[in-house]
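**Q** sequence? don't have it. structure:
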């Protein structure tokens, strides 16, 4: 995703408005459906003016491409500024610029890490050169177009407020500065020269468009890359907070001793790279001859890893690297240099079948000089799970260990969509966030109408790389254990068996297991490309409230074993624990998919609740060149199918097609809507009331909507429309009763607060978004705005 895209010439015009921060903010809202803080807007305003001065050189071509805030694929990170074009040999190139407003930094002893001051105070962070280089590597790793078409990527960092004090340019960071040069306050001409070296001619081949719409390489899966990593290869580039935490753990491992025990708590949500980081540390510390182990309470990750490593390493070496959390109740103190405890929230009090030991947290800290606990308290899924930060702190204090706490924020699962995770927390009512609706352009989340449809969809996705699986809440008894001919999960005509017997804890990687259904115990700590989730009747919605019902859990599920007695002993606290466990279970299940999550809800009201909070967008497919369709002419192959009256079931299998001939320039000639056809959309769009299709004609929105494109709209709802692409209708005095003028533009409004607490429009601006000159905003005064109606909001471009 690119928030802002233009030529150098257009970028300069936008800077000259003295509102480049506001322009980027509006583009950010439109592109992401989210807002951002004042600090980021001010940072755009400030830093982009400096970049405009850098580009003020005639040798940098006016038609070079400018991209701002490019979202790196399958991560939550964005590249600040990219300039594209061709070098002196006419090779396509892109200069990647990491912009910083820093003025000071402090040296550290950790590779690629500096200390600088943020609003919250001084903190360790990445050296800008490493950051810029790592973004280049991520782009190369994930984007096949960059590699196949040999597009040169040239990273650098520009700290335009920083006067050289010998710290940020210290020889300790020289290796990183060589890979991505750093330019400071006095280096404007040097940065100019760097750019001119790589961008001598303009971008006539739409380089960033091809990168953004290019082939995306498959996401790396930790289990698949494990053997290579344990052989010393760096399969995953650690970026931002991952690298900082990695270096912190290395330093603590060097400092830890029998008399100076250390505990590191690493907090991070799903997909923040906790397991990747743990394995990287296992490799690094083992290479330094430190006695280290990877530890989990849940056996599923360990069994999958062991299965993947069979044939690469001897079984004794594998067993010496991986261990269960219940292995340390009789271990000698400080026997290990480092224990890396993944999924620490799953730790239990007692260990083993005979409940040995006192407390697994205590035993792990006691057994090791350094204990690293990777934790997400919102992934506790059984009543026996005791792992939390407070307990770890208390045991560390009792055992005389120093505690250091850090967090991971960078997102790598769920297509890098922090918005999806925040929406999931909000909609499950785990914690309130500002993410009331989910834009499915960011992450392929779908709600299906039957479990059969869901399983068919997962089987289809699985054919490509054997990385799609079905899972469900544990609401059905495991009856096939005694009689393999019986089916466990029966919903209407759908019948399936649990996975729990045939493949055991390694179920998720077995090639034929896509026909079965997994549960929380066989997928937690692991990932696939696509996950299909059946939400049982243990989680329902009533009148907007998410309710959990432990009584609907299978009697064979040990996760909530003893729940009735718990409620008798502690009604309020027990209910809260059970509520959290059930919600955490579905939160965990719905975050196993790197690329997509498809869900079937057994309960109809629950299904409607989730469906109403989706902003439907298209599934992004790899870009391929398509033949150009002349303006005002209909393509031979339409992005929909017209249905006759017999086949059309309005808003079930089709939506209306309105022949508006919308003018994406100024308001169109008068149009009248006398009737409509009904059209069937492709499978990624689910028909809903309020949706309709219309054609957009003109070039004023060509950055988003090609001339002549068919677009899917939905009737505009109440609430703020600022920054959204809208279909607007304006009545003029000469209009006929049923006529009107229509246009598609980015909506902006200027409001004035009144003394009675209400407000009124002072003006409305309908702003174009075109790569061509000559398109001006339509500005409507307060009086003119009264005749404006926003008919619909853009959902997706269908062609």
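**A** Arrived safely. For clarity, every value in this text was computed on a predicted model and none was experimentally measured.
**Q** any idea how far residue 562 is from residue 297?
**A** 19 Å (CB to CB, to the nearest Å). (Each C-beta comes from the backbone N, C-alpha and C, glycine too.)
**Q** Compare these two (neighbour count), which wins?
**A** residue 297 (26 against 12; other CB atoms under 10 Å).
**Q** per-residue pLDDT, that one?
**A** Note on residue 297: pLDDT of 90.
**Q** and what of residue 702?
**A** 85.
**Q** sec struct for it, please.
**A** coil (DSSP: H, G, I helix; E, B strand; the rest coil).
**Q** What sits closest to it if chain neighbours are left out?
**A** Of all residues not flanking residue 702 in the chain, residue 770 sits nearest, at 5.2 Å (CB to CB, 6 or more residues apart in numbering).
**Q** How about the contacts made by the one you found?
**A** Neighbour list for residue 770: 699, 700, 701, 702, 703 [criterion: CB atoms under 8 Å, 6 or more residues apart in numbering].
**Q** Point me to the helix or strand that includes it.
**A** Following DSSP states H and E, one finds residue 770 outside all helices and strands.
**Q** One more: the one 10 residues further on?
**A** When elements are defined using DSSP H and E, residue 780 is found to belong to strand 778-781.
**Q** Could you pull out the buried residues of that strand?
**A** 778, 780 (16 or more other CB atoms under 10 Å).
**Q** Can you tell me the closest non-neighbouring residue to residue 765?
**A** Residue 765's closest residue in space is residue 748 (CB to CB, 6+ apart), at 4.3 Å.
**Q** Revised request: answer the last question for residue 156.
**A** residue 181 (5.0 Å).
**Q** Run a quick neighbour tally on the one you found.
**A** Around residue 181 there are 18 residues (other CB under 10 Å).
**Q** Residue 41 now?
**A** For residue 41, using other CB under 10 Å, the count is 17.
**Q** Residue 260 now?
**A** So residue 260, with other CB under 10 Å, has 13 neighbours.
**Q** Which parts of the stretch 551-700 of the chain are helices?
**A** Here the stretch 551-700 of the chain has its helices, by DSSP state H, counting those that start in this stretch, at 563-569, 571-589, 604-611.
**Q** let me redo that: the stretch 1-150 of the chain
**A** Using DSSP H, counting those that start in this stretch, helices in the stretch 1-150 of the chain cover 8-16, 20-32, 38-55, 128-142, 144-148.
**Q** Which of the ones you listed sits closest to residue 405?
**A** helix 128-142 (22.8 Å; CB to CB).
**Q** For that closest one, which residues meet the burial criterion?
**A** 128-139, 141-142.
**Q** before we move on, back to that, so which of the helices of the stretch 1-150 of the chain is nearest residue 612?
**A** helix 20-32 (20.6 Å).
**Q** Just the mean pLDDT for stretch 183-199, thanks.
**A** 96.
**Q** what distance separates that stretch from the middle of the whole chain?
**A** 33 Å (CA atoms, centre = their mean, to the nearest Å).
**Q** before we move on, back to that, buried deepest among the helices of the stretch 1-150 of the chain, which one?
**A** Mean neighbour count (mean count of other CB atoms under 10 Å) peaks for helix 128-142 among the helices of the stretch 1-150 of the chain, with a mean of 23.
**Q** Residues contacting that one, please?
**A** Counting by CB under 8 Å, 6+ apart, 72-75, 77, 79, 96-98, 100, 102, 112, 126, 146-147, 153, 155-157, 159, 168, 173, 176-177, 179-182, 211, 216-217, 219-220, 237-240, 243 sit against helix 128-142.
**Q** let's see 6 Å
**A** 72-74, 79, 96, 98, 100, 112, 146, 153, 155-157, 176-177, 179-180, 182, 216-217, 237, 239 (CB atoms under 6 Å, 6 or more residues apart in numbering).
**Q** In JSON lines: the helices of the stretch 1-150 of the chain, plus distance to residue 477 and mean pLDDT.
**A** Listed next are those as JSON lines, based on distance: least, CB to CB, whole Å; pLDDT from 0 to 100:
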{"stretch": "helix 8-16", "distance to residue 477": "62", "mean pLDDT": "92"}
{"stretch": "helix 20-32", "distance to residue 477": "44", "mean pLDDT": "82"}
{"stretch": "helix 38-55", "distance to residue 477": "51", "mean pLDDT": "91"}
{"stretch": "helix 128-142", "distance to residue 477": "42", "mean pLDDT": "91"}
{"stretch": "helix 144-148", "distance to residue 477": "46", "mean pLDDT": "84"}
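**Q** do you know which of those helices lies nearest residue 544?
**A** So among those, helix 20-32 is nearest, using CB to CB, at 25.8 Å.
**Q** can I see the domain layout of this protein?
**A** 2-212, 222-408, 417-615, 641-797 (automatic domain parsing).
**Q** which of the helices of the stretch 551-700 of the chain is buried the deepest?
**A** Taking mean count of other CB under 10 Å, helix 571-589 is the most buried of the helices of the stretch 551-700 of the chain, at a mean of 19.
**Q** Just want the angle from whichever strand or helix holds residue 421 to helix 571-589.
**A** Per DSSP H and E, residue 421 falls inside helix 418-427. Angle, helix 418-427 to helix 571-589, by axes from the mean of the first three to the mean of the last three CA atoms, to 10 degrees: 150 degrees.
**Q** I'd like the distance from whichever helix or strand comes after helix 418-427 to the chain centre, please.
**A** Using DSSP H and E, the helix or strand that follows helix 418-427 towards the C-terminus is strand 438-439. Offset of strand 438-439 from its chain centre (CA atoms, centre = their mean): 11 Å.
**Q** In the sheet, which strands lie alongside the next helix or strand after strand 438-439, parallel or antiparallel?
**A** Using DSSP H and E, the helix or strand that follows strand 438-439 towards the C-terminus is strand 444-447. Here strand 444-447 is paired, per DSSP bridges, with strand 593-601 (parallel).
**Q** ok, residues contacting the partner strand?
**A** Contacts of strand 593-601 (CB under 6 Å, 6+ apart): 219, 413, 444-448, 451, 454, 457, 527, 529-535, 590, 607.
**Q** Now intersect those residues with the strands, please.
**A** Judged by DSSP state E, strands contain the following of the contacts of strand 593-601: 444, 445, 446, 447, 529, 530, 531, 532, 533, 534, 535.
**Q** residues touching the last one, list them.
**A** Yep, that's residue 535 we're talking about. Neighbours of residue 535 in contact, by CB under 6 Å, 6+ apart: 473, 601.
**Q** switch to numbering from 59
**A** With the count now opening at 59, the last piece we talked about shows up as residue 593.
**Q** Does it have any beta-bridge partners, and if so which?
**A** Here residue 593, judged by DSSP bridges, has bridge partners residue 659.
**Q** Distance-wise, check it relative to residue 710.
**A** In this view, residue 593 and residue 710 are 22 Å apart by CB to CB.
**Q** how about the residue nearest to residue 823, secondary structure?
**A** Residue 806 is classified as strand under three-state DSSP.
**Q** OK, contacts around it?
**A** 780, 823, 825.
**Q** Pick out the one among the residues you listed with the largest number of neighbours.
**A** residue 825 (20 neighbours).
**Q** wait, that one sits on residue 836?
**A** No - judged on CB atoms under 6 Å, residue 825 makes no contact with residue 836 at a distance of 8.1 Å.
**Q** Spell out, range by range, the strands that occur in the stretch 159-308 of the chain.
**A** 171-176, 179-184, 210-217, 240-241 (DSSP state E, counting those that start in this stretch).
**Q** Nearest to residue 78, out of the ones you listed?
**A** Comparing those by CB to CB, strand 210-217 comes nearest, at 16.0 Å.
**Q** Pull out the buried residues from that closest one.
**A** 211, 212, 213, 214, 215, 216, 217.
**Q** Cool, thanks, signing off.
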